[in-house]
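Enquirer: build me a structure from this.
(chains A and B)
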Amino acid sequence: MTEEREGRAAFRVKSAEIAVAALFLATGALVMYDSVRLGSTWGDDGPKPGYFPFYIGLIMAVAALVNLARGVMIPPDKNGPFVLTQQLKMVLTVLVPTAIYVGAISQVGIYVSSIVFIAFFMRWLGKFAWWKVAAVSVGTAVALFLVFERWFLVPLPKGPIEAFLGVS
Amino acid sequence: MAEIQALAGGFAVAFSLKNLLFMFIGVILGVIIGVLPGLGGANGVAILLPLTFTMAQTPGGATSAIILLSCIYWGALFGGAITSILFNIPGEPWSVATTFDGYPLAQQGRAGNALTAAFTSSFIGALVAVILITFLSPVIANFALEFGPPEFFSVYFLTFCAFIGTSKEPPFKTLAAMMLGFALAAVGTDPVTGTLRLTFGSTSLLTGFDFLVAVIGLFGIGEILLTLEEGLAFRGAKAKLNMRVVLDTWKELPRYWLTSLRSSAVGCFMGIVPGGATPASFMSYGVARRFSRDGDKFGTGKVEGVVAPETAAHAAGTSALLPMITLGVPGSPTAAVLLGGLMIWGLQPGPLLFVEKPDFVWGLIASMYLGNIAGLIVVLTCVPLFAAILRVPFSVIAPIIVVVCAIGAYTVHNAGFDVWMMVVFGVLGYLFKKLQYPLAPLVLAIVLGDNAEASFRQAMLVSQGDLSIFFTNKLVGGLTSLALVLLLWPLVAWIVAKARRG
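Expert: Down below sits the predicted model:
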């Protein structure tokens, strides 16, 4: 791997492996904890509610320990980059707006937030002319409205602007 | 010959103008889904599933709905080949092996031949699998009518052990991913006692995690994030497909009949035992390379190298529906989504379906024949159109796919919380894909978790907690033993490899 050419690693494989394995271990422990609370043993009338999940949690924790050990034992020469800084930047430029978009859905409805979301992407990443941005983003919202609300009668979340236009 | 008669009845159901229309709509949508990065068979069907809720309530609507959804699946299977051959980007994981010889062929200006070979082999693979389904599924369903909880649990057990035995991912990662699926399935109300489990006081978790949301996040958002990482430019070969090229390729194809036959067999086997289409395509490519007369020229643009993986992938993708309709155990994530659809429409997949809803089952099987013919026609005539989709800049396609995924996640339960879960699953999908945690067993565990647990607990109740109930008769003992062999297979392989080296 010629890293100078490909950019700097934001995270390496070893740390990513360890982090994900630790996450699995924690989840397994959490599942076991709640199963013990519910009763993971054999009751009077058969297995208690926590019986099955307890073993699921246990197997998950054991598998996570093996993965964790294998992650820790990755030798330095095999510890390549997990994600490069510019790759991570690219991923975050999508992930952060997506999170904002999802948060906006419950506030202003799905149509308005979708129009803004698509427009933002086309203008910011694609550098499209405004008329193209408007055509695609509004066109998509109208198409979605027709398909979901009119043809298949599936209501989608709407906000104050739809109420103002009288389409909700 | 009761099957032929039942099938004729099925054709009568499927062969209405409305259903034929749904078939073509499904196939076209499916190919588009297969071509687009971030959308695939599993999440494409998951997103469109809520649209069928009202449709399935009308008389005969459930059959139309399953025809629409299964044709999306066939379309996605066909569509994956287009991007592999023209752009060297596998649109679907099972078309990775198609790039090995498909893209070199396209670079030599023989894209038309490669595409024709891919589509035709896909069709043949699917046809073999559908014929298998036609004659084998009534037998299996009939046989499975006698199944009790121990038998069902041993089938589930076999399904999950097969993942560990056949997947190319590290076995402990497969195990961890699978257990995460089971744990997510356990969240919510305990199906036997009604106790709340793993909800930690949250009201949003009362109903548990819906696997449709997980599928949309893991495969949709996760895939978008991965695609972004690899850069945005798609550079592809020109697609020219005229009648002469098609006929020329068809003249060449009979030469590879043995490869087709072998690949179909590999595909059907891997589809029924839930290995899935992806390992099937790799396996059959490897087998074809070993047995072919000019195997050392594989990878430089051999038509045979396109025939092998495509036949196997489509055979596996199709035969994955066999255990789904007969036992209620899907062989692939997409089959799992279709299974989820049946349950939402109020149909109980499994052996009883053949007795209670023969119209539905045979209509579905007949539609598999017709849907694949429709698929072949659509892809052979419209390739340039579909290839044009990939020339639309990613900065336009990516946000639209995210919007469609969000709507799909929302409409499952009309819950905003699910859209957040989709984003979380998207990040998980991205991490898991990069670290080789397989997604298919995770999804299947979410789908089957409750049923597997219920059958396990019922079996344990019968035997008063004695595990030997899974060995009481030949059938259940055989299934359990086979499962254990598959479970321990990686260990055996590891020891053998170690012994050879040392």
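
Enquirer: specify the local secondary structure of B:Val329.
Expert: Secondary structure, DSSP: H, G, I helix; E, B strand; the rest coil: B:Val329 is coil.

Enquirer: what is the neighbour count of it?
Expert: 27 (other C-beta atoms under 10 Å in any protein chain shown). Every C-beta, even on glycine, is put in place using the N, C-alpha and C of the backbone.

Enquirer: quick check, pLDDT for it.
Expert: pLDDT recorded at B:Val329 is 83.

Enquirer: show me where chain A has its strands.
Expert: For chain A, the strands defined by DSSP state E cover A:9-12, A:42-43, A:46-47, A:81-84.

Enquirer: sheet partners, orientation included, of the third one?
Expert: Each strand pairing with strand A:46-47, determined using DSSP bridges, is listed with its direction: strand A:42-43 (antiparallel).

Enquirer: picking up where we left off before, need the strands of chain A in a markdown table (columns: mean neighbour count and mean pLDDT).
Expert: Output for those, formatted as a markdown table (neighbours: other C-beta atoms under 10 Å in any protein chain shown; pLDDT from 0 to 100):
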| stretch | mean neighbour count | mean pLDDT |
| --- | --- | --- |
| strand A:9-12 | 16 | 84 |
| strand A:42-43 | 12 | 75 |
| strand A:46-47 | 19 | 76 |
| strand A:81-84 | 19 | 87 |
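
Enquirer: out of these, nearest to A:Trp130?
Expert: Nearest of those to A:Trp130, taken as C-beta to C-beta: strand A:81-84 at 32.9 Å.

Enquirer: then the closest one to CSV, C-alphas only?
Expert: What follows is strand A:81-84 as a C-alpha-only set of coordinates in CSV (Å, rounded to 0.1, in the frame of the first residue of the first chain):
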residue,chain,number,x,y,z
PRO,A,81,-6.0,1.5,6.5
PHE,A,82,-9.6,0.8,7.3
VAL,A,83,-10.8,4.1,5.9
LEU,A,84,-8.8,7.0,4.4
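
Enquirer: list of residues touching it?
Expert: By C-beta atoms under 8 Å, 6 or more residues apart in numbering or on different chains, the surrounding residues in contact with strand A:81-84 are A:1, A:3, A:6-13, A:15-16, A:91, B:229, B:434.

Enquirer: kindly report the same for stretch B:244-258.
Expert: So stretch B:244-258 is contacted by B:112-113, B:116-117, B:120-121, B:260, B:291, B:303-304, B:307, B:380 (C-beta under 8 Å, 6+ apart).

Enquirer: if we can go back for a sec, list only buried entries from the contacts of strand A:81-84.
Expert: The neighbour count (16 or more other C-beta atoms under 10 Å in any protein chain shown) marks A:9-10, A:12-13, A:16, A:91, B:229, B:434 as buried among the contacts of strand A:81-84.

Enquirer: burial of B:Pro59, as a residue count?
Expert: 6.

Enquirer: show me what contacts it?
Expert: With contact set as C-beta under 8 Å, 6+ apart, B:Pro59 has no partners.

Enquirer: help me confirm that it is found in a helix?
Expert: No - per three-state DSSP, B:Pro59 lies outside any helix segment and is coil.

Enquirer: where is the longest helix in the chain?
Expert: Using chain A here. Secondary structure of chain A per DSSP state H: the longest helix is helix A:13-38.

Enquirer: wrong chain, I was asking about chain B
Expert: helix B:111-144.

Enquirer: what about that helix, average pLDDT?
Expert: Averaging pLDDT along helix B:111-144 yields 88.

Enquirer: which is the succeeding secondary structure element to that helix?
Expert: As assigned by DSSP states H and E, the chain's next helix or strand after helix B:111-144 is helix B:149-166.

Enquirer: so what secondary structure elements neighbour that next one?
Expert: Other helices and strands packing on helix B:149-166, by 3 or more C-beta pairs under 8 Å, 6 or more residues apart in numbering or on different chains; DSSP states H and E, are helix B:171-186, helix B:321-327, helix B:440-463, helix B:474-501.
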